[in-house]
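Participant: next come a sequence and a model predicted from it.
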Protein chains: 2
Amino acid sequence: MPRPRAFDERQVLERAREQFWATGYAGTRMDDIARATGLGKGSLYGAFGDKGKLFHRVFGDWCTAVVEVAEERLTGGPDAEALDRLSAYVHLMAENTASDTERRGCLLAKGAAELAQHDPAVAGRSAETMTALLALLRTEIEAAQRHGDIDSAADPERLAALLLTVVRGIEAVGKAGMDPETLRNVADTALAVLPGPEGHERPATGRTPAREN
Amino acid sequence: MPRPRAFDERQVLERAREQFWATGYAGTRMDDIARATGLGKGSLYGAFGDKGKLFHRVFGDWCTAVVEVAEERLTGGPDAEALDRLSAYVHLMAENTASDTERRGCLLAKGAAELAQHDPAVAGRSAETMTALLALLRTEIEAAQRHGDIDSAADPERLAALLLTVVRGIEAVGKAGMDPETLRNVADTALAVLPGPEGHERPATGRTPAREN
DNA sequence: TACGTTGTGGACGATCCATTCCATAACTGA
DNA sequence: TCAGTTATGGAATGGATCGTCCACAACGTA
């Protein structure tokens, strides 16, 4: 019986995300979001509560999406392809950062940097996300170890933590201004230095002939 | 002939840095800085210009300090100890993040995350800083290669980029909520997977017996 | 078709914040 | 001691911003 909403909630959240992403939490005005989404303030506040609640909603959805992307790329395949999946995932993350020409970085990192210290909800959500990513990486590393692509004497938890750190680090140095080519190389190198099965040296750490500096 | 300043500029900048560090750029009010430093607004504006200029000053000083710390730890020693210096540096950075109980992260990362996209000065300064750190790491890796501690077939530029990414990544995942013990382990693991001289396996990637999960 | 309920969007009020202003203080050189 | 110059700090200002409010719109139901 009531009047139905004239907007698509999903789309509004997307626009709001773009705005927070572009200008941060404190730097984003509710008027900006109203303009970006086409909604009036009344609808905005009526549907999502205040600025903080809206951000938490956007941030939470983003964290969920980050984990989902990792799940899609990493889970559900034969052990024989586990290393390939890991490689594809790390390269995908590097490519995302490398091609982020606006240098917005990741909303997760940006939001955590700005708010984690003072907002327990943001801190908790980002910690959860890290834990989830870590678990996914660890599972794949164990799979690769079973198949003999990674030294089974290595601690999968430690290697997973290292890969996660590299992935998040790529994002950080990308935002700090490192050039895209180097970012891609970092992904290569990180995968190349993973300890291979004992006695088998992996070659990919080698110098890139095309580079002159 | 003029009235002399009643404050120590260095100390004021330190306090201002603490404030920006704690609450970010947009989240810091000039009143906060006035209270934190004990200065009146007149003195503050008279001495440092506006909020933006003050932040640039603080940010620039911090970048300089970051590079200086790296220089102190990394440069000027025999090749035989280059790997030790690298190890000490990476562990120091991990320790800094691990012991940052307030989870403020690094002002460089925080400032870059918040402002690099819109403030060319911040973007440029952080990029410079990355380049300087990269060069320092590369030099030490080359030294370690000369001494035979790192496989001389590996590209020092790539390894340097990887280490820098790990160092900045430790900071990022630390802020995102990863526990200190894991952060320290990441530093260990990153150093352990550096390609040793050919044929010599490095053992430190192994599982940690004390861990039960 | 009339009514009740909820959505809509822009105007409004209260607050906040960066910056300026100014009366006064502190100091030096004459 | 006096004059000139800069520092000081708090009040004032002007603009921005969050959240509320309200008159009106749209829809289902009786």
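Facilitator: Looks like it arrived, so ask away. Since the structure is predicted, the reported quantities are computational estimates derived from the model, not experimental observations.
Participant: C-alpha from now on. contacts and neighbour counts both.
Facilitator: Noted.
Participant: going along the chain, name the strands of chain A.
Facilitator: In chain A, no strands are defined using DSSP state E.
Participant: residue ranges with poor pLDDT in it?
Facilitator: Residues of chain A that meet the criterion pLDDT under 70 lie in A:1, A:198-213.
Participant: who in it is up against DNA strand D?
Facilitator: With the criterion set to Cα under 7 Å from any atom of the strand, chain A comes near DNA strand D through A:1-4, A:26, A:28-31, A:41-42, A:45, A:50-52.
Participant: filter those down to the ones close to chain B.
Facilitator: The subset of these lying close to chain B, counting by Cα under 8 Å from any Cα of the partner chain, consists of A:Ala26.
Participant: tell me which of the residues of chain A next to DNA strand D fall in helices.
Facilitator: A:Met30, A:Asp31, A:Lys41, A:Gly42, A:Tyr45, A:Lys51, A:Gly52 (DSSP state H).
Participant: can you get me a residue count around the fourth one?
Facilitator: By the other Cα atoms under 10 Å in any protein chain shown criterion, the neighbourhood of A:Gly42 contains 10 residues.
Participant: mind checking how far it is from A:Glu140?
Facilitator: 47 Å (Cα to Cα, to the nearest Å).
Participant: out of the ones in helices among the residues of chain A next to DNA strand D, what pair is the most spread apart?
Facilitator: The most widely separated members of these, counting by Cα to Cα, are A:Gly42 and A:Gly52 (15.8 Å).
Participant: A:Leu54 contacts A:Gly60, doesn't it?
Facilitator: No: the criterion here is Cα atoms under 8 Å, and A:Leu54 misses it with A:Gly60 at 9.9 Å.
Participant: need the residues that contact stretch A:22-32.
Facilitator: Stretch A:22-32 has contacts (Cα atoms under 8 Å, 6 or more residues apart in numbering or on different chains) with A:Gln19, A:Phe20, A:Lys41, A:Lys51, A:Phe55, A:Arg104, A:Lys110, A:Gly111, A:Glu114, B:Ala26, B:Gly27, B:Glu114.
Participant: please read the previous query as pertaining to stretch A:87-99.
Facilitator: A:70, A:73-74, A:103, A:105, A:163, A:167, A:170-171, A:174, A:179-181, A:183-184, A:187-188, A:191.
Participant: rewinding a little: can you select the buried ones from the residues of chain A next to DNA strand D in ChimeraX?
Facilitator: The following ChimeraX line selects those of these that are buried, judged by 16 or more other Cα atoms under 10 Å in any protein chain shown:
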select /A:26,28,30,45,51
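Participant: just give me the neighbour total for A:Arg57.
Facilitator: For A:Arg57, using other Cα under 10 Å, the count is 14.
Participant: same check, this time on the one 3 residues further on
Facilitator: Neighbour count of A:Gly60, defined by other Cα under 10 Å: 18.
Participant: the one 4 residues further on now?
Facilitator: Look at A:Thr64: counted by other Cα under 10 Å, it has 15 neighbours.
Participant: skip the chain neighbours and tell me the closest residue to it.
Facilitator: If the residues on either side of it in the chain are set aside, A:Thr64 comes closest to A:Thr129, at 7.7 Å by Cα to Cα, 6 or more residues apart in numbering or on different chains.
Participant: domain map for chain A?
Facilitator: Here the domain parsing of chain A from automatic domain parsing is A:7-49, A:52-192.
Participant: of these, flag the one that's most buried.
Facilitator: Among the domains of chain A, ranked by average contacts under mean count of other Cα atoms under 10 Å in any protein chain shown, first place goes to domain A:52-192 (a mean of 21).
Participant: tell me the spacing between the residue nearest to the spatial centre of chain A and A:Gly60.
Facilitator: Centroid-nearest residue in chain A: A:Val66, 5.2 Å away (criterion: Cα atoms, centre = their mean). From A:Val66 over to A:Gly60 the distance is 10 Å, taken as Cα to Cα.
Participant: ditto for A:Arg85
Facilitator: With Cα to Cα as the criterion, A:Arg85 and A:Gly60 are 26 Å apart.
Participant: surely the residue nearest to A:Thr64 is in contact with A:Val67?
Facilitator: Yes: using Cα under 8 Å, A:Thr129 is in contact with A:Val67, at 6.8 Å.
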